[in-house]
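# What follows is a predicted structure for the sequence shown.
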2 protein chains.
Amino acid sequence: MNIRDLIYLRAIARHGHFGKAAESCNVSQPTLSVQLQKLEADLGVTLIERTKRSAMLTPIGDRVLGLADDALGAVDAIRSITAEASDPFSGQFRFGSIPTISPFLVPDVLRALGGSFPRLQLVFRENITERLTEDLLNGDLDAAILATQPETPRLMAIPLYDEPLLVIYPIGHDLGALDHLDVSDLPLDQMILLSEGHCFRDQAVDLCRLKSRTTLAETSVTSLETIISLVVAGQGISIVPALAQSSGWLDRPNLGVKSLQNANATRQLNLTFRKTSPRRALLKAVAEQMHAVLN
Amino acid sequence: MNIRDLIYLRAIARHGHFGKAAESCNVSQPTLSVQLQKLEADLGVTLIERTKRSAMLTPIGDRVLGLADDALGAVDAIRSITAEASDPFSGQFRFGSIPTISPFLVPDVLRALGGSFPRLQLVFRENITERLTEDLLNGDLDAAILATQPETPRLMAIPLYDEPLLVIYPIGHDLGALDHLDVSDLPLDQMILLSEGHCFRDQAVDLCRLKSRTTLAETSVTSLETIISLVVAGQGISIVPALAQSSGWLDRPNLGVKSLQNANATRQLNLTFRKTSPRRALLKAVAEQMHAVLN
DNA sequence: GAATATTCATAGGTCAGGCCTATCATAATG
DNA sequence: CATTATGATAGGCCTGACCTATGAATATTC
């Protein structure tokens, strides 16, 4: 059986005439004649009763036609939705980012993407790198803004922004007296960090361990907001991404902010997605939009 | 697009693997690879995201698959109902007969057909010849038991029974005294006939006019039952088909019954159907059953 | 009722396209 | 780094869908 055969059947039933049906299908009359015979032979029943006067459906032919209409309807629906979706800048775009990026970035990014890609239906999801990576790999996510390089060759990343890391401390802290700040100057025992699982914690740890093996303070929390509050309250110092400052999160009384001189005191934000993703054009355009927002 | 393509898509989606999907479809892997590419090119979208690890559906691919399942379900249903219907002795059998036959014949015929063709769903309809013929021609009826020969070459008839015509009269009527009755003996002015439109009226008229042009009595009614009652009540005489007697309808006190000697005092019952009907085998078998019931 | 028209079926030939085997490129695995 | 697994590509074969030309049977017309 063939979709074409069902179309032919429908045409013959509608016109009650092989010749006119053939014309409506843009084929010759013998074609329809032969194809319908094959369909009938295939199914083992007579679908059309031929008269010199009219070609009319048999009862079973009528039931088959009803089902054929169902099938053809589904096929039309396939053509219809794929025609819409053939625009690469339409449909759902499901992306995520990590908690140390989303609060500073997502409002602007959503606004920018919504403006540039009006036919795109944006779905955003926040999670830690590990979970976002899983979702990327199993296809539940189209892209993610991450601060780490992909660990599997199945993912690839487009760089978005080299983000400096800043030290924050309570006003009156010794750090306030230093002109040029280096990682080695930081009192690691006063450091407040995010809890395990946040890549930003790992990055802070890596950065500090470069210069010192002193154990870090045990205090660990689950959001930058809490960390800032703790520092403001004089409970310790911390490292935060520069976007927090440009977003105004660090404009708090009693909070000192200093940049680090170390060359590697940055994290690289990137747009990560499956290397095999069929939406490369869209991803590239999205990355450009994000780059524009960030730089 | 092609039904096969949708089957391939479904197989690839189910197995997540071109090779296994190909095996399940009994084709080679390159076949699936190429056919899916063609389908994607045809629709203008990527349906499957290929990885060395797994072939997974894109979001649009998933929606297409859902519709493909609908289409394939309808196709399966077509195969299913046609497989059942390929038995020529199954499905609906819609037949009719005229009012001067049905009361004597239909109960026995329904019983006989029901016993011989248990998978046949019998639908019976009573009407006058003209309406039954219309229904036959437009396909609303598979066959009809008629007492007239088809007037159009599009219909054909299998003879079932040569039914004698009988004269009925009230006991005490002059006719009771005659040994051998001929049409010419009948007092036409006392004749009670069915109303216009009933073929049996026309046949009675034809039969009588052969011998006489005397006008017939104006009394005309719409059922044999009423005619018999009128004759019993002494209102006149009439002609009835022999089946009425074998069915016991004429076993009434005060009713005399005599056969006619004329050679043409019969009507021929036949099974009429479209010459183009695809159910010739069934019709032949049905006619044989009816013949057996009648003879 | 013979001639003409209409309609579906058949025949033969052409060509696209679906399928195969063989092979390649790339990625996962040990 | 070698091996295995997987999907893509190439080239050739062959089915089958399509066309034109024609036939057979029925309708219509004069």
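Cool, the structure landed.
# hey, let's count contacts and neighbours off CA atoms from now on
Noted.
# so A:Asp162 touches A:Thr266, yeah?
Yes - proximity of A:Asp162 to A:Thr266 meets the contact threshold set by CA atoms under 8 Å, at 6.3 Å.
# more neighbours, the two?
Using other CA atoms under 10 Å in any protein chain shown, the more surrounded residue of A:Asp162 and A:Thr266 is A:Thr266, with 20 against 16.
# ok, and the closest non-adjacent residue to that one?
A:Pro164 (4.2 Å; CA to CA, 6 or more residues apart in numbering or on different chains).
# So which elements touch the helix or strand harbouring the one you found?
Per DSSP states H and E, A:Pro164 falls inside strand A:155-170. Judged by 3 or more CA pairs under 8 Å, 6 or more residues apart in numbering or on different chains; DSSP states H and E, strand A:155-170 is in contact with helix A:224-232, strand A:238-241, helix A:242-246, strand A:255-259, strand A:266-274, helix A:280-294.
# Including mean pLDDT and distance to A:Ser33, could the ones you listed go into TSV?
Below are those laid out as TSV (pLDDT from 0 to 100; distance: least, CA to CA, whole Å):
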stretch	mean pLDDT	distance to A:Ser33
helix A:224-232	93	75
strand A:238-241	94	74
helix A:242-246	93	72
strand A:255-259	93	82
strand A:266-274	94	50
helix A:280-294	93	47
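# now those in TSV, with distance to B:Ala157?
Output for the helices and strands packed on strand A:155-170, formatted as TSV (distance: least, CA to CA, whole Å):
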stretch	distance to B:Ala157
helix A:224-232	93
strand A:238-241	95
helix A:242-246	93
strand A:255-259	104
strand A:266-274	73
helix A:280-294	71
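# For B:Ser238, find the nearest of these.
helix A:280-294 (91.5 Å; CA to CA).
# What residues sit buried inside that closest one?
A:Leu282, A:Leu283, A:Val286, A:Ala287, A:Glu288, A:Gln289, A:Met290, A:His291, A:Val293, A:Leu294 (16 or more other CA atoms under 10 Å in any protein chain shown).
# between those residues, which is closest to B:Pro88?
A:Leu282 (57.9 Å).
# My read is that the residue nearest to A:Thr266 contacts A:Leu269, right?
No - using CA under 8 Å, A:Pro164 is not in contact with A:Leu269; the gap is 10.6 Å.
# Neighbours of A:Asp140, how many?
15.
# Test my guess that A:Tyr161 contacts A:Thr266.
No - in this structure, A:Tyr161 is not within contact of A:Thr266 by CA under 8 Å, at 9.7 Å.
# Can you give the domain ranges for chain A?
Using automatic domain parsing, the domain parsing of chain A gives A:3-85, A:91-160+A:268-294, A:164-266.
# do the helix or strand encompassing A:Leu136 and chain B meet at all?
Assessed by DSSP H and E, A:Leu136 sits inside helix A:129-137. No - shown here: helix A:129-137 not in contact with chain B (CA under 8 Å from any CA of the partner chain), separated by at least 10.2 Å.
# Show the contacting residues for the residue in the stretch 51-200 of chain A positioned nearest to chain B.
Of all residues in the stretch 51-200 of chain A, A:Ala71 sits closest to chain B, at 4.1 Å by CA to the nearest CA. Going by CA atoms under 8 Å, 6 or more residues apart in numbering or on different chains, A:Ala71 touches B:Asp70, B:Ala71, B:Leu72, B:Gly73, B:Ala74, B:Val75.
# tell me the mean pLDDT over the helix or strand where it lies?
Per DSSP H and E, A:Ala71 falls inside helix A:59-85. Helix A:59-85 comes out with an average pLDDT of 93.
# Next, the angle from it to helix B:59-85.
Angle, helix A:59-85 to helix B:59-85, by axes from the mean of the first three to the mean of the last three CA atoms, to 10 degrees: 170 degrees.
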